[in-house]
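Enquirer: Sequence and predicted model, in that order:
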Amino acid sequence: MYLTDYHTHSSMSFDGHAPMADIAAAAERAGLDELCITDHCDFLDEHGRPNRAYDWDGACAQYREALAACKPGFTLRLGLEFGMSHLDPAAAAAICARPEADFILGSIHNLCPEKGGTDLYVVPYPDEAACCAALDDYFASMALLADTDFYDVLAHIIYPLRYMEVPVSLEPYYGRIRAILRTAVEKGRGMEINTCRGHTIGAWKPILELYKSCGGEIVTVGSDAHTPRDVGKGVEAACALLSACGFRYVCTYEKRKPVFHKL
């Protein structure tokens, strides 16, 4: 099995805690074959304030240092987790045009600007109604993102559930999720299994089934690690789930092009 972690964060992210070299070294210790570092570029910060820049030069400097320390046979890629890119197409196109990028995750972390733009991490969820209101907004934004060219793979589609202590089923949203995934498939793009540092595996089964029903084949796996100790957590179990759901490959990327590895 080809083991990859295609969603990790270094100190280039506002919530990262180690340089890229330490993240890469942790991936090698975990026995991974390939790692992609996908630091945050969010067009809204956690409080809903706008941002339209990414420090590509700083990221590239750290990447070169990390790459130089990698052992032979281990593959290290440079990526980006691009949040809310649909809000500013011109700025998003400029960020995505940089040739250094191997891979771009498209993500939604925030409520829409009209709802305040705050990160779903800090939104209160006192009851089911609040959860459903956040999910309605979340999937509306994801539908807009899916219809852009500013991503290769849709990140953590079930992201808001991480923070909702009230039990909420996504089943009422399956039609909307299927439509989002169909758009991604039609654009030649994919989805990820995000293990949330090894805590979330089984919840991806119905989403994978929806994606497969749309003809989807491009799936990446990521731990969403923000520290070296979490790199690679859950990726082997995610690959096993992928195989159980009838997929034949796990994907990696090189210069924005998918590479298929047999499971």
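Expert: Cool, got the structure.
Enquirer: need the helices for the stretch 51-200 of the chain, in chain order.
Expert: 56-69, 89-96, 128-146, 174-186 (DSSP state H, counting those that start in this stretch).
Enquirer: Tell me which residues are up against the third one.
Expert: Think helix 128-146. 84-86, 106-108, 110-112, 115, 120, 123-125, 151, 154, 157, 159-160, 164, 166, 168, 170, 173, 176-177, 179-181, 183-184, 187, 189 (Cβ atoms under 8 Å, 6 or more residues apart in numbering). Every residue, glycine included, has its C-beta placed from N, CA and C.
Enquirer: returning to what we had before: columns mean pLDDT, mean neighbour count and distance to residue 26 on top of the helices of the stretch 51-200 of the chain, output as JSON lines?
Expert: As requested, the helices of the stretch 51-200 of the chain are exported to JSON lines (pLDDT from 0 to 100; neighbours: other Cβ atoms under 10 Å; distance: least, Cβ to Cβ, whole Å):
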{"stretch": "helix 56-69", "mean pLDDT": "97", "mean neighbour count": "16", "distance to residue 26": "11"}
{"stretch": "helix 89-96", "mean pLDDT": "96", "mean neighbour count": "16", "distance to residue 26": "27"}
{"stretch": "helix 128-146", "mean pLDDT": "98", "mean neighbour count": "18", "distance to residue 26": "30"}
{"stretch": "helix 174-186", "mean pLDDT": "98", "mean neighbour count": "18", "distance to residue 26": "30"}
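Enquirer: quick one: which of those is nearest residue 240?
Expert: Residue 240 lies closest, by Cβ to Cβ, to one member of the helices of the stretch 51-200 of the chain: helix 174-186, at 21.4 Å.
Enquirer: The closest one packs against which elements?
Expert: Packing partners of helix 174-186 (3 or more Cβ pairs under 8 Å, 6 or more residues apart in numbering; DSSP states H and E): helix 128-146, strand 153-154, strand 190-194, helix 205-213.
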